[in-house]
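1. Sharing a model prediction with you, sequence too.
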Amino acid sequence: MIDQPRTILDRIGNSSLLPLRHIVPANGARILLKLENENPTGSMKDRMALAMIEAAEADGRLKPGGSVVEYTGGSTGVSLSLVCAVKGYPLDIVTSDAFSHEKLDHMRLLGATLHIVKSDSGRMTEKLTKDMIEQARIIAEAKGSFWTDQMKNRDQLAAYHRMADEIWSQTQGRIDGFVQSVGTAASLRGIAEGLRHHLDTIKIVAVEPAESAVLSGGPSGAHRIDGIGAGYVVPLWQESVANGIERVSTEDAMTMAFRLAREEGLFAGTSTGANVVAALRLAERLGPDATIVTVMCDTGMKYLKTFGARLEANAHS
């Protein structure tokens, strides 16, 4: 008899790996997409949210009857909202009007209390990130809440080590490169560590917004790719993890997200678009026999209003 899940949290992980069929490199290399939209909230962040909460429960940082606080651009907040709803922890989320309204609504629907920090005209900047972090610190101190503090939290790495094992098993060890965009840097670092545990010659490529390419030595700037590009070098980033860094513009990421929907039937967000742009570049460098894995970080359903506005603008132009 197949084991049935006890709660929705048991459905986190074990997502599918799918080859792109139409958006492919000219040289014939394979690009495989890890479909993290299959997680309960439609995002890979379900993995790290559960790992952070369970680790804190295990060592007593989060006790029965306790509460949780976090700053987030949305997906981490939605995932924490799900985990806290199931486990019964009150959750305060510090976020901003710069991020997808669908994500903000999703958090509220799952029971989180939102604290909105105003942005500079809806743009993601270094100042916005740091303002959100400071407000989360103040709330945690005032309420005595457990602060997951995703930018520094190493407990999430274990979730991504498990994701790497899934990728290794699904590819049967035939993988030449892995590409992932950098927000907290935990997913890139954790998956890279996990894959290199199996094979240390895998090429690892980090992706960041071209408008705020701080990891590759550029100036901090504003961009509109949700969930990545904090505007400064984040604490979990390790330069030695990546063999290279690809800069992808908001425009290119958005264009690729639309192409994925229309040409592959894969409705994803802009960070996924950025991943695929960078994966195509890596595939061309590695040659026709290469297999590249990248991540469909979340579902495009989280960005309907943003994407709808672009469709409207395109129609008028």
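-> Received, thanks.

2. C-alpha only now, for contacts and for neighbours.
-> Will do.

3. Please, which helix or strand holds Lys103?
-> With secondary structure defined by DSSP states H and E, Lys103 is part of helix 101-109.

4. Could I get the buried residue list for that helix?
-> 101, 103-107 (16 or more other Cα atoms under 10 Å).

5. So Pro64 versus Ala268, what's the distance?
-> From Pro64 across to Ala268, the span is 36 Å (Cα to Cα, to the nearest Å).

6. Pick out whichever of those two has more residues nearby.
-> Applying other Cα atoms under 10 Å to Pro64 and Ala268 shows that Ala268 carries more neighbours, namely 28 against 10.

7. check contacts around the residue nearest to that one when sequence neighbours are not counted.
-> The shortest distance from Ala268 to any non-neighbouring residue, by Cα to Cα, 6 or more residues apart in numbering, is to Gly300 (4.0 Å). Shown in contact with Gly300 (Cα atoms under 8 Å, 6 or more residues apart in numbering): 267-269.

8. what do you get if the cut-off is 10 Å, keeping everything else the same?
-> 37, 42, 257-258, 261, 266-270, 272, 306-307 (Cα atoms under 10 Å, 6 or more residues apart in numbering).

9. With Thr129 instead?
-> 71-73, 95-96, 117, 119, 229-232.

10. is it fair to say it lies in a helix?
-> Yes - when DSSP: H, G, I helix; E, B strand; the rest coil is applied, Thr129 is found to be in a helix.

11. re earlier: turn the contacts of Gly300 into JSON lines, including secondary structure.
-> JSON lines is the format used below for the contacts of Gly300 (three-state DSSP):
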{"residue": "Asn37", "secondary structure": "helix"}
{"residue": "Gly42", "secondary structure": "coil"}
{"residue": "Ala257", "secondary structure": "helix"}
{"residue": "Phe258", "secondary structure": "helix"}
{"residue": "Ala261", "secondary structure": "helix"}
{"residue": "Leu266", "secondary structure": "coil"}
{"residue": "Phe267", "secondary structure": "coil"}
{"residue": "Ala268", "secondary structure": "strand"}
{"residue": "Gly269", "secondary structure": "coil"}
{"residue": "Thr270", "secondary structure": "helix"}
{"residue": "Thr272", "secondary structure": "helix"}
{"residue": "Thr306", "secondary structure": "helix"}
{"residue": "Phe307", "secondary structure": "helix"}
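
12. Across the sheet, point out what pairs with the closest residue to Lys203 other than its chain neighbours.
-> In space, Lys203 comes closest to Gly177 once its chain neighbours are excluded; the distance is 4.4 Å by Cα to Cα, 6+ apart. Beta-bridge partners recorded for Gly177 (DSSP bridges): Lys203, Ile292.

13. so who does Gly177 touch?
-> 31, 192, 195, 201-205, 243, 279, 282-283, 286, 290-294.

14. Distance of it relative to Val94?
-> 35 Å.
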